[in-house]
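Trainee: Based on what follows, work out the 3D shape:
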Amino acid sequence: MANLCIIPARGGSKRIPRKNIKPFLGKPIIAYSIEAALKSNLFDEVMVSTDDTEIAEIAKKHGAKVPFMRSKKNSNDFATTMSVLQEVMESYKMRGQLFENVCCIYPCAPFVTKDKLQSAYHKLLDESLDSVFPVIEFTTPVERSLNIRENKVTFKYPEYTNTRSQDIEQSYYDAGQFYWMNWQAVSKQNKILTSNSGAVIVSHIEAQDIDNEVDWKLAELKYQLKNIVS
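Mentor: I've put the predicted structure just below:
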């Protein structure tokens, strides 16, 4: 059973310049994703999809392969994760290499570990799922969220105005770390989240969206705290 790890890391980050190779507690943040993939011993190949030569060199330095560069079409702000994955898989197919399972790990995901990757992979296989990825609990019910329009506050879901929070079903959101996929299943449907997808739940200290400099500092603090606690 051939498994491929794809780490998509383009060079044109806008909100945090050079985000994918910016030092995170002493080493390029992409190195954490590469090292977790390699340590998991799950992959026949760990590759980085990039359009940037500096990112490619750093990726190779930390043990990943960059067998080809990403196209301009999939290097702009509108390229989707799925379109990048499809391009990579088609390029491997043209080289005569086929993979049954694919794991897309984002380059700015320092909280990914070999244990998480292994746990999600076994869930994918054991439950015959199309995809598996980490999710986080919303700390408050989304059904009690509010709208502000013309300086007036209203319930977004007024039908839950008098519902106790403990009576509302727990909701989750994508942790934005990685996706394990049965490639044939997801490529056929052209989407990662299908009607046959599963999840592994991670805590808030094990994840952090990194969209600006404040997020970056929070991620570093969480990472350090997590290591102290563990």
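Trainee: Next, name the residue at the spatial heart of this protein.
Mentor: What sits nearest the mean C-alpha location of the chain, by C-alpha atoms, centre = their mean, is residue 177, with 2.7 Å.
Trainee: Which phi and psi values does the closest residue to that one other than its chain neighbours adopt?
Mentor: Nearest non-adjacent residue to residue 177, counting by C-beta to C-beta, 6 or more residues apart in numbering: residue 109, 4.3 Å away. Quick note: C-beta positions are derived from backbone N, CA and C, even for glycine. Per-residue torsions, residue 109: phi -140, psi 70 (degrees, to the nearest 10).
Trainee: Now do residue 109: how many residues are near it, please.
Mentor: Neighbours of residue 109 under the rule other C-beta atoms under 10 Å: 23.
Trainee: ditto for residue 34
Mentor: For residue 34, the neighbour count with other C-beta under 10 Å is 25.
Trainee: Now it: which helix or strand?
Mentor: Following DSSP states H and E, one finds residue 34 within helix 29-40.
Trainee: Export that helix to CSV, keeping only CA atoms.
Mentor: Only the C-alpha atoms of helix 29-40 are listed here, as CSV (Å, rounded to 0.1, in the frame of the first residue of the first chain):
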residue,chain,number,x,y,z
ILE,A,29,8.3,26.3,10.4
ILE,A,30,7.9,23.9,7.4
ALA,A,31,10.6,21.7,9.0
TYR,A,32,8.1,20.6,11.7
SER,A,33,5.7,19.2,9.1
ILE,A,34,8.5,17.4,7.2
GLU,A,35,10.0,15.9,10.4
ALA,A,36,6.6,14.7,11.7
ALA,A,37,6.0,13.0,8.4
LEU,A,38,9.4,11.3,8.3
LYS,A,39,9.2,10.2,11.9
SER,A,40,5.8,8.6,11.4
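Trainee: which residues are contacting the helix or strand just after that helix?
Mentor: Following helix 29-40 in sequence order, the next helix or strand is strand 45-49 (DSSP H and E). Strand 45-49 has contacts (C-beta atoms under 8 Å, 6 or more residues apart in numbering) with 4-9, 30, 34, 37-38, 55-56, 59, 63-67, 70, 84, 87-88, 97, 99, 107.
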